[in-house]
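Q: no FASTA, just this:
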């Protein structure tokens, strides 16, 4: 059963965030809060951990997994960012958006979409995410906390009951909303909304 760390969302306890980062370092899978919904995460370079997420989510292997990074500079390591895309992201990030961008060779093949070779990247406006990315030196997978075909879960107690045996740590920041991030495709010359979520667009 997963360990549950009760986290103060406004002033996250550093020792608990470090414990979660250590779990990621060991190849573990965690559930953590974002500025939208709870996310399931692991190290993007750990193939076994990614496989665990695919299995517990019931995702087919050709479906890409998004991930979170700490800042715009880090995005350029993993994605090809045009001037047009950069201007949009600089205006909206950090925030409740996932941007689909062409992947660089730094992105593991398991994550980049097979056909388009694109990725989804987030910079959540969330204290826990920021501290977690400070403690853990690599991007972290971010896919919504729910089982295959089921509704997204926003109550940590329900998450523990339904998913506690499938993950290693749950960072409990209380009940969150149910609105996912807005997904914007920036692989072409124009921005395309693939999913309207919490983040307004255009603004």
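A: Okay, I see it. Because the structure is predicted, anything quoted here is derived from the model rather than measured.

Q: ok, now which ones touch residue 99?
A: Listed by CB atoms under 8 Å, 6 or more residues apart in numbering, the contact partners of residue 99 are 75, 79, 85, 88-89, 120-122, 183-184, 186. Quick note: C-beta positions are derived from backbone N, CA and C, even for glycine.

Q: Could you dump those into JSON lines with neighbour count and pLDDT added?
A: Listed next are the contacts of residue 99 as JSON lines, based on neighbours: other CB atoms under 10 Å; pLDDT from 0 to 100:
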{"residue": "75", "neighbour count": "23", "pLDDT": "96"}
{"residue": "79", "neighbour count": "24", "pLDDT": "96"}
{"residue": "85", "neighbour count": "22", "pLDDT": "97"}
{"residue": "88", "neighbour count": "19", "pLDDT": "97"}
{"residue": "89", "neighbour count": "22", "pLDDT": "97"}
{"residue": "120", "neighbour count": "25", "pLDDT": "94"}
{"residue": "121", "neighbour count": "27", "pLDDT": "97"}
{"residue": "122", "neighbour count": "28", "pLDDT": "98"}
{"residue": "183", "neighbour count": "20", "pLDDT": "97"}
{"residue": "184", "neighbour count": "25", "pLDDT": "97"}
{"residue": "186", "neighbour count": "23", "pLDDT": "97"}
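
Q: Filter these down to the ones in helices?
A: 75, 85, 88-89 (DSSP state H).

Q: hmm, back to that, with the contacts of residue 99 in mind, which one is nearest to residue 21?
A: Comparing those against residue 21 with CB to CB places residue 122 closest, at 17.9 Å.

Q: and which of the contacts of residue 99 is nearest residue 54?
A: Using CB to CB, the contacts of residue 99 come closest to residue 54 at residue 120, 15.1 Å.
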